[in-house]
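Colleague: coordinates for the following, if possible.
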Amino acid sequence: MRLSVVKLGGSFATSPLLRRWLEAIAGAPGVVLVAGGGPFADAVRAAQPVMGFDDGAAHRMALLAMNQFALALAALAPRLLPADDVPAIEAALAGGRVPVWCPWPMLRGEPGIAESWDVTSDSLALWLAARLAAARLVLVKHRVAALAAPGLVDAAFARFRAAFAGEVVLAGPEDFGVLVSR
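Modeller: A predicted model of the protein is given here:
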């Protein structure tokens, strides 16, 4: 089975397409789901300039935001199972479940990942895909353009892409078929 990492953008948190994406992901073989930060990361972005905490704290809070969205997604679909390390991801896959990555434990203090807004869930999904030797990364986004389009992915994405040997696929809001086309 070819492993795919699927990053579901946080903007789907309030989308009417969220349930359809979760059904498609839950039904796809060999998928690891990475949740964006969604409204939880938006709260961190809004609070940082008001409170004045540094980018390191904001980065760690954004990792926790990804954890929160991952837990919310897992609660919405019974085949999804939160997983916070490689053994938990492998166990979920072996058990026929779809692991939803909770990045905080694995990435806390990870030396190759800058603690800034230059590294968001897109690059972290790519980091995980490389770590798992996945065949591909699927980025599911509401706004679809070329990967090189300004603002589509974070500033660190190109650096993480260089370390990933697999395919990177960009999927739009209703591109559910991308999960079964191999």
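Colleague: what are the contacting residues of the helix or strand harbouring L137?
Modeller: Secondary structure assignment for L137, by DSSP states H and E: strand 136-140. Contact with strand 136-140 is made by 2, 4-9, 12, 21, 122, 125-126, 129, 153, 164, 166-173, 175, 178-179, as judged by CB atoms under 8 Å, 6 or more residues apart in numbering. Where you see a C-beta, it was placed from the backbone N, CA and C, and this is true even at glycine.
Colleague: now R136, nearest residue through space, not along the chain?
Modeller: Using CB to CB, 6 or more residues apart in numbering and skipping residues adjacent in sequence, the residue nearest R136 is E167, 4.1 Å away.
Colleague: so what's the residue count around the one you found?
Modeller: 13 (other CB atoms under 10 Å).
Colleague: what about it, distance to R131?
Modeller: The gap separating E167 from R131 is 16 Å, by CB to CB, to the nearest Å.
Colleague: now the nearest residue to A135 once chain neighbours are set aside, what's its secondary structure?
Modeller: Nearest residue to A135 in three dimensions, chain neighbours excluded: R2, at 4.0 Å (CB to CB, 6+ apart). Classification of R2 by DSSP: H, G, I helix; E, B strand; the rest coil places it in coil.
Colleague: pull out the buried residues from the worst-scoring helix or strand of the chain on mean pLDDT.
Modeller: Ranked by mean pLDDT, DSSP states H and E, the weakest helix or strand in the chain is helix 157-162, scoring a mean of 82. By neighbour count with 16 or more other CB atoms under 10 Å, helix 157-162 contains the buried residues 157, 160-161.
Colleague: please tell me I have it right and T14 contacts P39.
Modeller: Yes: applying CB atoms under 8 Å, one finds T14 in contact with P39, separated by 7.3 Å.
Colleague: the two: which has the busier surroundings?
Modeller: P39 (14 against 9).
Colleague: that one touches G10, doesn't it?
Modeller: Yes: P39 lies in contact with G10 (CB under 8 Å); the separation is 7.1 Å.
Colleague: got any residues that touch both of these two?
Modeller: F69.
Colleague: so the residue most central in space within the chain: helix, strand or coil?
Modeller: Centrality entry for the chain: nearest residue to the mean C-alpha point is V34, 2.9 Å, by CA atoms, centre = their mean. The three-state assignment at V34 reads strand, by three-state DSSP.
Colleague: contacting residues around it?
Modeller: 5-8, 66, 70, 100-101, 103, 121, 124-125, 128.
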